[in-house]
Each structure stands twice: as C-alpha cells, then as structure tokens.
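Novice: just coords:
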C-alpha cells in the first residue's frame with residue numbers, strides 16, 4: 001500500500017487539465033469554422049469566375065477560287081451563341097463599401 005501511495009509516475013486528471021482541454025477544443029472548433037467560411041467564400045468566387053465565361057463562338061467561312069474565277073474549295077461558317085442560363089452570374093458586381101472609393105470609375109481625388 002505504501003508503494004502505491006508513493007508512486008508518482010502515474011497521471012492524475014485534474015479539473016484544471018479538463019478546463020484546458022475544453023478551451024483548446026472550443027478554440028479549435030472556432031478556428032475550423034473560420035477556415036470553412038473562408039474556403040466557401042473562395043470557392044464561391046471561383047464559381048462566379050467560371051459562370052462569367054462566355055461559351056459563344058463563331059467561325060467565319062472561306063472560299064478558294066481558281067485562276068478562272070470558278071470556286072475551287074469552300075467552307076461555310078458556323079457558330080454557337082450561349083444563351084443565359086439560370087445559374088449564370090453577372091461578370092462584374094459592384095459592392096458599395098462605406099468610406100471606400102470605387103476604383104473602376106477612374107476618378108482621382
């Protein structure tokens with residue numbers, strides 16, 4: 001019994017240790033939620049950039065004539081115009097921030 005009472009190599013969970021672990025867990029949870037919010041905002045920016053890309057294209061036709069003026073070869077033009085979809089976004093969104101100047105106007109103070 002005396003050996004058990006004098007043994008100091010064990011680990012005792014105290015109230016202070018539990019408080020430190022609880023605070024560390026709360027701080028980690030808040031930190032990870034901030035990382036999650038930042039990641040969602042950046043992915044939202046990427047989705048807006050992809051949605052603003054125009055997928056329209058047009059190819060002009062051409063014609064090659066012989067020396068006598070008769071057509072030798074030709075290819076007609078073709079194209080595709082991208083219609084606006086429900087998930088498309090605006091290319092530029094102006095957000096008015098109180099106290100900040102709009103750099104897109106080019107007005108110098």
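Specialist: Happy to help now that I have it. Remember, predicted model here, so these are calculated numbers, not experimental data. Numbers count the residues shown, from 1 in each chain.

Novice: check contacts around residue 66.
Specialist: If you count contacts by CB atoms under 8 Å, 6 or more residues apart in numbering, residue 66 has them with residue 72. In this view, the C-beta of every residue, glycine as well, is placed from N, C-alpha and C.

Novice: which element is the most centrally placed residue in the chain on?
Specialist: Nearest to the geometric centre of the chain sits residue 43, at 2.4 Å (CA atoms, centre = their mean). Assigned by DSSP states H and E, residue 43 belongs to helix 15-51.

Novice: and the next element down the chain from that helix?
Specialist: Per DSSP H and E, the first helix or strand lying C-terminal to helix 15-51 is strand 57-59.

Novice: Return the distance of whichever helix or strand comes after that following strand from the chain's centre.
Specialist: Sequence order places strand 62-65 as the next helix or strand after strand 57-59, per DSSP H and E. Distance of strand 62-65 from the chain centroid (CA atoms, centre = their mean, to the nearest Å) equals 46 Å.

Novice: list the helices and strands the helix or strand that strand 62-65 is followed by packs on?
Specialist: Remark: after strand 62-65, the chain's next helix or strand is strand 71-75, criterion DSSP H and E. When contacts are defined as 3 or more CB pairs under 8 Å, 6 or more residues apart in numbering; DSSP states H and E, strand 71-75 packs onto strand 62-65.

Novice: Buried residues, the strand it packs on. List them.
Specialist: When neighbours are counted by 16 or more other CB atoms under 10 Å, no buried residue of strand 62-65 is found.

Novice: now swap in stretch 38-45 and tell me
Specialist: So, applying 16+ other CB under 10 Å, stretch 38-45 has no buried residues.

Novice: Could you list every helix and strand that the helix or strand bottoming out on mean pLDDT in the chain packs against?
Specialist: Lowest by mean pLDDT, DSSP states H and E among the helices and strands of the chain is helix 2-6, with a mean of 74. Helices and strands touching helix 2-6, as assessed by 3+ CB pairs under 8 Å, 6+ apart, are absent.

Novice: who touches it?
Specialist: For helix 2-6, there are no external contacting residues (CB under 8 Å, 6+ apart).
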